[in-house]
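# What would the 3D arrangement of this be:
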Amino acid sequence: MGKAKKKGGGKKPQQKQEDDFDDDLAFLEAAAAANETPKKEEPPKEEPKAAEEKADGAAAAAAAAEDAAAAFLAAQGIAGEEGEGGGKKDNKKKKKKKKGGGGGGGEEQKAPQSKQGKLLAERIRKQQEEEEQRRKEDEEEARRIAEEEAKEAEELRKKEEEKERKKQKQKEKVARQKAEGKYMTKAQRQKAKLAEQRLEAMRAAGMLPVEGEGDAPKKKKVVYVNKKKAKGKDNNNDDVEESESKDTEHAEEDKKEEEEQTAKKEEPEKPAEDGDDGDKEDSSGDEWDADSDDDAKFDDLDAKLQKVATDDVEDLIELEKKKELERLREIGLKRAEQDRIEQEKLAKIQAEQEEANLKEQLAMQKREEGKKKREAQEKANLDARSRDDLRCPIVVIMGHVDTGKTKLLDKIRKTNVQDNEAGGITQQIGATYFEKKTLETQTARLNETEKVELTVPGMLVIDTPGHESFTNLRSRGSSLCDVAILVVDLMHGLEQQTIESLTMLRKRGVPFVVALNKVDRCYAWKTCKDSPIRDALKEQEEGTISEFRSRSTNAKVQLQEQGVNSNLYWEMGDEDWTNSDFIPLVPTSAITGEGVQDILLLLCQIAQRKIWKQLMWCANLQCTVLEVKAIDGLGMTVDILVVNGYLREGDKAVFCTLDGPVVTEIRGLLTPPPSREMRVKADYIHHKEVKGALGVKVIGNNLEKVMAGTSVLVVGPNDEEEDIKAEVMSDLTNLEDKLSTDKQGVLVQASTLGALEALLQFLRVETKPPIPVSAIGIGTIHKRDVTKISIMNEKGHPEYATILAFDVGVEREAREHAQEMNVRIMTADIIYHLFDQFTRFMGELTERRRQDAQSVAVFPSIIKILPQHVFNQKDPIIVGVEVVEGILKIGTPLCVPALGGLHVGKVTSIESNGREQETARKGASVAIKIVNESNPTLTYGRQFDATNMLYSTITRASIDALKEHFRDALENEDWRLVVKLKKVYNII
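Numbering: from 1, shown residues only. The predicted structure follows:
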């Protein structure tokens, strides 16, 4: 306890010591501040010596302050170390003193500083360093200011010296001119200049000679100069002396005259220079004398001029006449030269025109001759036809999608093309050749009873797409064929594309057979594979036959509605066969094969009995392009249907393109094996020569732009190439319109030209609104195609930076480049899937744009407040209203035009019968909530009431947004309201 008390009691002296230390510290800081104060009052500009003396004084003062601080610390006893007990510290000090004293005469050792002393010394040192730094900065600033002032003073002095030098130079120049007698006043200079101009004009007009009287004074000056040079000569010769004395007298007289004139010239300027009135009075008389002398000189000059003018007036007139005649002669020569050049050019142009006309006439003449030869040869070939030499009939199979057209052909060919097609849908035009042997084998069972002799060499069947988008291909197929098969689904009857195909066939007058397909779908049908239809019907139950009769009758009724008389082919009499209006119906099943023999034999009978005249083979070449397609390993190939004539390898064929006719050599003729599709990849058979009718694939150069559906001709040895070219290009007009492109739009890429036509037809006609197409292509999509369409992003139409790719591949490099260039590639193997993709994309894009424009677009509306339905008068205003005109939507800003366009607020909610809704149309009574964020104190009944109609606030921007994104949402009545509101708000 005693120790604790001791410790506790020792704290008070320590506390007191610390307080004393703080007081001392404050005292020292005040002293430092006192030392710093005089320094701040130093003048900004000092001479270097004064600055150094002040710096020495400040350093001495700082040292003195440091010594004073050290002495003060020593006096306060802070220099020793702190310890726990005071006694121990004293003992240690005594010991140290003893050790120091034992050294004998050595210097006193400094006592170690305490912690507070060190801190205080460190602070004083930092203050001194800061003072020193400030002092140096002040000295530097004073020196810089002094240098700048000295520099400015030096520049000012130089400018003054330069000004004085110029003045002195000007005075010397004036004095020199006065001494030389060349000094003239302003008036004299003007008169002399005017006189010089007159003289120059007279010399130019030929009125004065070039060397005149004005040269005399120069001669006097020369004599005067020679006299000067002769001054140093010896005076022994009296004659020389006399002549020199005379010259001297003349020179002195001239000099005196010049000095007098100079004095007279100087006298008018003296009043301006000296400002002395007396001088002005003295010089007035001399100036008058000088003016009178000048006037006298000019009078003499005018008299001379008049004399010369009077003497030479006739010469001047003659001279002017000569000059005018010379000018006219030169103009005439120039015009004659220009006329000659023009005549030469005109003659050259006429000669070239005549030569071109002659060439054109010769070419036309040769073309006409070639045409006559060709027509004569064609006529001879037609006359040489024979019934014994028939070509293959061309049969086209048409009908609605999914009626079984390709499956029916597969059954005849014993192939499976339909299962390999994308979605089981035919999307290209294809051709299959059946040999006579195949036809005999297929119809052998039926022919046992019918006893029909087949004279046709075979049959060429063209398969067309049935989808609605392939109208162009069905049209092309129907225009090529001799006879057609119209496939009708027995279960569904006539459908849209079936009716379209029927119309095409009747329009072209093509005989056709109706195949009532899917007969095996009848209830309880018993399959009789590959049997004649009548044999199959004999095996069926009564109920099945009854259903078949009912469905076939419905088909006949539907055909009758289209104006077509028809009957089951075995029930047709001789009169029906002879009447071309009656169409035979053949029930078939493409799955089990019933009725296939019947339809083949019936087609052969129609060919041999009805259309044998047009089936007689002719040597005239008749070819039509079916498709243009790129094939790996072969490049761009053209599928051609050779109807008549021969086509040989090495022939010079002429194809029709958008860029004009293309002449190319046929490098290869390929056909698929018999009973095989041209579309199916197989081992093609190479031919040196093919005879119509046959489908053949042609290999050649520059076939990329060949137009499908156009004819192909061959330049023979006796044919004119220009005539063949003109004949080929005659049927381009329709195709050119179909494949034209727009400046802005998507890129369409397809595997064949027929599919490309179908895509373009859909995008431009069937899509609402139409989708523009800026570029087209056939084959695989490459990087260059992506680059071509990416420019739509730069043109501000990113939605058109899209490639619609149908049944084509896309290179990996093209896909990567498309991601970089923000280009969308939409691919599909089924054409209407591609339509759906782009339609969906455009719908999403339109909706997104509508949402973006929702804040800008304001629908037009006029509403009337119902005074008996006011629920809240302000913040927010909730009232019942009736929509008088237009469409009221949530977010519509409302105002009162009658009160100077008073902004009421924005509609934030619409309710009808307790249910919220987005819009309210004309005649609706709803409750609305109006919020005015800019003026929440707006109150119904104070600023406005039920007598004021509320209008939607529209602007030019909102009208543009409505036109661009919401055109379909507004009716004609709403647009009339927009026009009315434009007048209310004065919108231009």
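# tally of neighbours for the nearest residue to residue 790 once chain neighbours are set aside?
If the residues on either side of it in the chain are set aside, residue 790 comes closest to residue 821, at 3.9 Å by CB to CB, 6 or more residues apart in numbering. For the C-beta atoms, the positions are set from N, CA and C on the backbone; glycine is no exception. By the measure other CB atoms under 10 Å, the count of residues near residue 821 is 15.
# Same check on residue 652?
Quick note: residue 652 (other CB under 10 Å) scores 15 neighbours.
# re the thing from before, please report how far the residue nearest to residue 790 lies from residue 396.
Taking CB to CB, to the nearest Å as the criterion, residue 821 is separated from residue 396 by 43 Å.
# Now do the strands in the stretch 551-700 of the chain.
Along the stretch 551-700 of the chain, the stretches classed as strands by DSSP state E, counting those that start in this stretch are 565-568, 582-587, 622-631, 635-644, 646-648, 652-657, 660-665, 668-671, 685-687, 689-691, 694-699.
# Which elements pack onto the first helix or strand past the last one going along the chain?
Downstream of strand 694-699, the first helix or strand assigned by DSSP states H and E is strand 711-714. Contacts defined by 3 or more CB pairs under 8 Å, 6 or more residues apart in numbering; DSSP states H and E place strand 711-714 against strand 622-631, strand 652-657, helix 721-728.
# would you turn these into a markdown table with distance to residue 773 and mean pLDDT?
Formatted as a markdown table, the entries for the helices and strands packed on strand 711-714 read as follows, by distance: least, CB to CB, whole Å; pLDDT from 0 to 100:
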| stretch | distance to residue 773 | mean pLDDT |
| --- | --- | --- |
| strand 622-631 | 18 | 81 |
| strand 652-657 | 18 | 88 |
| helix 721-728 | 26 | 82 |
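# now for those, which one comes closest to residue 548?
Comparing the helices and strands packed on strand 711-714 by their distance to residue 548 (CB to CB), the top pick is strand 622-631, with 36.6 Å.
# for the closest one, the distance to its chain's centre please.
Taking the mean C-alpha point of strand 622-631 and that of its whole chain, the gap between them comes to 37 Å (CA atoms, centre = their mean, to the nearest Å).
# swap in stretch 841-859?
With CA atoms, centre = their mean as the basis, stretch 841-859 stands 23 Å off its chain's centre.
# Would you mark the buried spots in it?
Residues of stretch 841-859 classed as buried under the neighbour-count rule (16 or more other CB atoms under 10 Å) are 853, 857-859.
# now do stretch 887-898
Residues of stretch 887-898 classed as buried under the neighbour-count rule (16+ other CB under 10 Å) are 887-890, 892-896.
# quick one: low-confidence parts of the stretch 101-250 of the chain?
Applying pLDDT under 70 to the stretch 101-250 of the chain flags the ranges 101-113, 205-250.
# mind listing the strands for the stretch 701-850 of the chain?
711-714, 746-750, 773-778, 802-806, 824-828.
# ok, residues contacting the first one?
Yep, that's strand 711-714 we're talking about. For strand 711-714, the external contacting residues (CB atoms under 8 Å, 6 or more residues apart in numbering) are 621-625, 640, 647, 651-656, 724, 727-728, 731.
# Check which helix or strand residue 392 maps to.
Using DSSP H and E, residue 392 sits within no helix or strand.
# Does the residue nearest to residue 790 touch residue 786 like I think?
Yes. The pair residue 821 / residue 786 is scored as a contact, 6.0 Å apart, by CB atoms under 8 Å.
# between these two, what contacts are shared?
Common neighbours of residue 821 and residue 786 are not found (criterion: CB under 8 Å, 6+ apart).
# would you say residue 962 is within a strand?
No. When classified by DSSP: H, G, I helix; E, B strand; the rest coil, residue 962 is found to be helix rather than part of a strand.
# OK, contacts around it?
In this structure, residue 962 makes contact with 857-859, 970, 978, judged by CB under 8 Å, 6+ apart.
# any idea how far it lies from residue 987?
Between residue 962 and residue 987 the distance is 12 Å, computed by CB to CB.
# follow-up on the earlier one: which of the strands of the stretch 701-850 of the chain sits most buried?
Mean neighbour count, computed with mean count of other CB atoms under 10 Å, is highest for strand 746-750 among those, reaching a mean of 26.
# what angle separates that one from strand 622-631?
Between the axes of strand 746-750 and strand 622-631, defined by axes from the mean of the first three to the mean of the last three CA atoms, to 10 degrees, the angle is 110 degrees.
# can you tell me which residues contact residue 382?
When contacts are counted by CB under 8 Å, 6+ apart, residue 382 touches 618, 620.
# tell me which element it is part of?
Residue 382 is part of helix 277-383, with elements assigned from DSSP H and E.
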